[in-house]
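Student: after the sequence you'll find the predicted model.
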Amino acid sequence: MFKEAVYDGFQRTVSETLLFNRSVLEVLAKTHEATARLNRAVIKSVTGCGCLKISAGKKEIPPGATLADLRQLLGSHLEGEICEDCREVVESAIGRSLFYLAALCNLLNLSLKDIMEKEQKYMRILGIYNLA
């Protein structure tokens, strides 16, 4: 019950505070901009601060590996731990992304909570095949 109030409350607050960018075109552009800023914040934690490192290469999957083994074999490419300064910037960028996502839901008369619940249901049903 509490979680529902948080999601609904967030979406309602977005609706109350979004004043100038109420056009769906503006909200779509702002959603894109917020995502770009989020990407940049994560990149800066690697290239600017250095608290994170990206170590990427071809993923080698041994013959006979099971689907259950893949969780261990396929990593995130990230090394290190995000520092407090970078965490603050990334969290802020995620917050802006969520703001404009909720704004888009409002304009389309969609419930962010309902969408998240449906997506979670699909993830539970499809399991590891969800986004393959």
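Tutor: Good, I have the coordinates.
Student: for the residue nearest in space to the middle of the chain, give me phi and psi.
Tutor: The chain has I94 as the residue nearest its centroid, 6.7 Å off, counting by Cα atoms, centre = their mean. Note on I94: backbone dihedrals following degrees, to the nearest 10 are phi -60, psi -40.
Student: check contacts around it.
Tutor: Residues near I94 by Cβ atoms under 8 Å, 6 or more residues apart in numbering: L38. C-beta: built from backbone N, CA, C; applies to glycine.
Student: what comes up buried for the strand or helix carrying V89?
Tutor: Using DSSP states H and E, V89 sits within helix 84-107. Of the residues in helix 84-107, 86, 89-90, 93-94, 96-97, 99-107 count as buried by neighbour count, 16 or more other Cβ atoms under 10 Å.
Student: which residues of this structure fall in helices?
Tutor: Applying DSSP state H to the chain gives helices spanning 2-17, 24-44, 67-73, 84-107, 112-126.
Student: pick the most deeply packed of the ones you listed.
Tutor: helix 84-107 (a mean of 17; mean count of other Cβ atoms under 10 Å).
Student: any idea of the mean pLDDT in it?
Tutor: What helix 84-107 shows for mean pLDDT is 96.
Student: now stretch 31-48
Tutor: Rounded mean pLDDT across stretch 31-48 is 97.
Student: include distance to K53 when you put the helices of the chain into CSV, please.
Tutor: Converted to CSV, the helices of the chain look like this (distance: least, Cβ to Cβ, whole Å):
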stretch, distance to K53
helix 2-17, 33
helix 24-44, 12
helix 67-73, 20
helix 84-107, 12
helix 112-126, 29
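Student: compare these and give me the one nearest K59.
Tutor: The closest of those to K59 is helix 67-73. By Cβ to Cβ, the value is 7.1 Å.
Student: and that closest one, how far out from the chain middle?
Tutor: 23 Å (Cα atoms, centre = their mean, to the nearest Å).
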